[in-house]
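Engineer: Next input, structure requested:
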Amino acid sequence: MFRNRDGVRVEPAPFVVMVGTAALVVWPFGPPYFLAWGASMPTAVGATAVVFGGVVAWAYYQCVWTARPPEETAEVPAEWRVERFLIGGVAVAVVLAALTALLYLR
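Structural biologist: Numbers count the residues shown, from 1 in each chain. You can find the predicted model right below:
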């Protein structure tokens, strides 16, 4: 079990899911992306590892370090959850479009 900044136990499942999903996205696409920019294979793998490490640190901060116990949190209204989901989807689409545009502007 993980503990948050207050020493309270936190459920590890959200953190594990975020890190697993990040691994499935970053590792298959990271090295080829950096290779397309002309990096050598060791540099591409190293840069991908740095990106993945940053994602893991962010996920730990979001899902473990700042997590509050369930008894302290209220249920989030469905409208807010849908809005966050849609904003997240748009953000991912914008990031992917920007990364693709960088390859074409090269």
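Engineer: How about the contacts made by the residue positioned nearest the centre of the chain?
Structural biologist: When the chain is reduced to its mean C-alpha position, the nearest residue by Cα atoms, centre = their mean turns out to be Val55, at 4.7 Å. Contact analysis of Val55 by Cβ atoms under 8 Å, 6 or more residues apart in numbering lists 19, 22, 26. Every residue, glycine included, has its C-beta placed from N, CA and C.
Engineer: For this structure, which segments count as helices?
Structural biologist: 13-36, 41-60, 78-104 (DSSP state H).
Engineer: looking at these, which is closest to Asp6?
Structural biologist: Each of the helices of the chain was scored for nearness to Asp6 using Cβ to Cβ, and the closest is helix 41-60 (15.3 Å).
Engineer: Spell out which residues make up each domain of this protein.
Structural biologist: Structural domains annotated on the chain: 1-73, 74-106, as defined by automatic domain parsing.
Engineer: Of those, flag the one that's most buried.
Structural biologist: Neighbour counts (mean count of other Cβ atoms under 10 Å) averaged over each of the domains of the chain peak at domain 1-73, with a mean of 14.
Engineer: want to try a markdown table for the domains of the chain, with mean pLDDT as columns?
Structural biologist: A markdown table is the format used below for these (pLDDT from 0 to 100):
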| stretch | mean pLDDT |
| --- | --- |
| domain 1-73 | 92 |
| domain 74-106 | 90 |
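Engineer: any idea what sits nearest Met18, other than its immediate chain neighbours?
Structural biologist: Ala59 (4.1 Å; Cβ to Cβ, 6 or more residues apart in numbering).
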